[in-house]
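Fold the following and give me the result.
(one chain, ligands or ions: 1)
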Amino acid sequence: MLLDDNPDVGGQIWRRVGGGPAGVWRERVKHSGAEIRGGVTVFDAEKVDGRVRLRCESAAGASVVDAEQVVLATGARELFLPFPGWTLPGVFGVGGLQALVKSGFDVRGKRIVVGGTGPLLLAVAAYLSERGAKVESIAEQAEKSRLIGFAGAMLGQPGKLWQGAKLRASIIDVEYRFGAWITEVRGEDRVRQAVLNDGRVIDVDAVACGFGLVGNTQLAQVVGAGSGHWALGTGEEKNSTSMDPTTGPWHGRVIVDDLMRTSVDGVLCAGEPLGIGGVETSLVEGTMAGYAAAGREELARGLIPRRRRERAFAAAMERAFALREEVLRLARPETIVCRCEDVTMSRIAACDHWRGAKLLTRCGMGPCQGRVCGAAVEAMMGWAVRDVRPPVFPVSMNALAATGGAMEGA
Ligand SMILES: Cc1cc2nc3c(=O)[nH]c(=O)nc-3n(C[C@H](O)[C@H](O)[C@H](O)COP(=O)(O)OP(=O)(O)OC[C@H]3O[C@@H](n4cnc5c(N)ncnc54)[C@H](O)[C@@H]3O)c2cc1C
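Residues are numbered from 1 along each chain as shown. Reported below is the predicted structural model:
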């Protein structure tokens, strides 16, 4: 069975994309014999009587799925860093804007500045241009010099190099500046101007910012999977991590063994919750997890070298596009950090840790449950912001009652 809260299969990149590899994988899923349930949110995962119980909600109501093996492939969400004006209408996450355009949002003729960090900026800028937007500038916070090591890793991945070159060539007339970032955006009712760190002011209709991605580890956390800090592909993961979730606080990424098994029997994990790696990494890890879950371990083992290559590339990318201090310090005292609860930077800065900030300011207590502000606060303040309890998404009382889950949390 495949459960996905998107109505259609394909995840972030391949939503509403038909041809190419997306089409091939769609066909494979269709012919796999798996029951596909779209529009279903899994809000809790728990070991019950040796099986993994998933509690779900959809428009049709609540349901419980018990399985012997579960592969968590929950992807990632965007990291939003607060800066002056970031809550104005017309300011989007890069991935979010791309997803909206894929769903029909019209950007023809719109003047857009794309800012932040990482290869997604180029991919989205190219996509927006293709859809008729006028991309005024791409502001990449990383210095060109930082990308030298990354260029070495790119040479080992000619496919990705070619893809990057093609994207750049498609928008060769668009300014692509390194060591550049948006310091604030201005406007009364909506965004009108973007200010760059060199003082330039650009008139805009929209701003798309992307400061990287954060893995969706919540389900892995609530089921009790171990976590760690390693950089995959370096071989460090075996030495520096704990497979025992009780030995310390949650560390950013889910830890798996060579067959993608987490520390919880019957729970495997693949893709972005293991560390941001991009689509190729997710595909190879998903395939490995599928094989391992189906008892075809030898096939999964055959993919280990490919996975290591992909993860080494991901680690190089992470180093190259690490966020610089200036970008982490853009919020002013009056800048909203938690937009669900209207909590400003000065109120958060007056606290000592995340839990204190939650109790004193309600930061992270709104509908997004810290999905947006939690990751931002972690990046800006260096606090451990990984406390999660079920339900991992807001759900109705009916769903809780019908599935026998998380009444304690409610
Ligand atoms: C908004 C956005 C846009 C992106 N655009 C690009 C791009 O253009 N190019 C690129 O190379 N990379 C892009 N990425 C990076 C992208 O995350 C990966 O490269 C790739 O999609 C990862 O594949 P995955 O299968 O690990 O996760 P995903 O593709 O994210 O798939 C995870 C799926 O799990 C579902 N899900 C998550 N939690 C639950 C739950 N609790 N219950 C039910 N379903 C759940 C999600 O809805 C999603 O369909 C984007 C990321 C984001 C966040």
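
Please work out the residue of the stretch 251-400 of the chain nearest to the ligand and name it.
residue 271 (2.5 Å; C-beta to the nearest ligand atom). Using the backbone N, CA and C atoms, a C-beta is placed for each residue, glycine as well.

Contacts only, for that residue.
Going by C-beta atoms under 8 Å, 6 or more residues apart in numbering, residue 271 touches 73, 74, 75, 277, 281, 282, 285, 286.

let's go with 6 Å and repeat that
Each residue near residue 271 by C-beta atoms under 6 Å, 6 or more residues apart in numbering is listed here: 73, 282, 285.

ditto for residue 93
residue 78.

what about it, distance to residue 372?
Using C-beta to C-beta, to the nearest Å, residue 93 is found at 9 Å from residue 372.

Tell me the most packed of the contacts of residue 271, by neighbour count.
Top of these by neighbour number is residue 285, holding 29 neighbours under the definition other C-beta atoms under 10 Å.

Wait, a helix at it?
Yes - Residue 285 forms part of a helix when assessed by DSSP: H, G, I helix; E, B strand; the rest coil.

picking up where we left off before, can you tell me the element the closest residue in space to the residue of the stretch 251-400 of the chain closest to the ligand that isn't next to it in sequence falls in?
If the residues on either side of it in the chain are set aside, residue 271 comes closest to residue 282, at 3.6 Å by C-beta to C-beta, 6 or more residues apart in numbering. For residue 282, the host element (DSSP states H and E) is helix 279-293.

mind listing what residue 108 touches?
With C-beta under 6 Å, 6+ apart, residue 108 has these contacts: residue 132.

just checking, it is part of a strand?
No - under three-state DSSP, residue 108 falls outside any strand and is assigned coil.

any idea how far it lies from the ligand?
Going from residue 108 to the ligand by C-beta to the nearest ligand atom, to the nearest Å gives 19 Å.

how near is that residue to residue 366?
34 Å.

where does the stretch 201-350 of the chain have low pLDDT?
Along the stretch 201-350 of the chain, the parts satisfying pLDDT under 70 run over 228-251.

just the helices in it please.
Along the stretch 201-350 of the chain, the segments classed as helices by DSSP state H, counting those that start in this stretch run 218-223, 237-240, 279-293, 297-301, 304-320, 325-328, 345-349.

Residue 189: which of the ones you listed is closest?
Ranking the helices of the stretch 201-350 of the chain by proximity to residue 189 (C-beta to C-beta) places helix 345-349 first, at 22.9 Å.

how about that closest one: buried residues?
Residues 345, 347, 348 are the ones in helix 345-349 that count as buried (16 or more other C-beta atoms under 10 Å).

Please look at the last one and residue 360 and confirm they touch.
No - the criterion here is C-beta atoms under 6 Å, and residue 348 misses it with residue 360 at 9.1 Å.

contacting residues around residue 186?
85, 192, 193.

out of those residues, who has the most neighbours?
residue 85 (22 neighbours).
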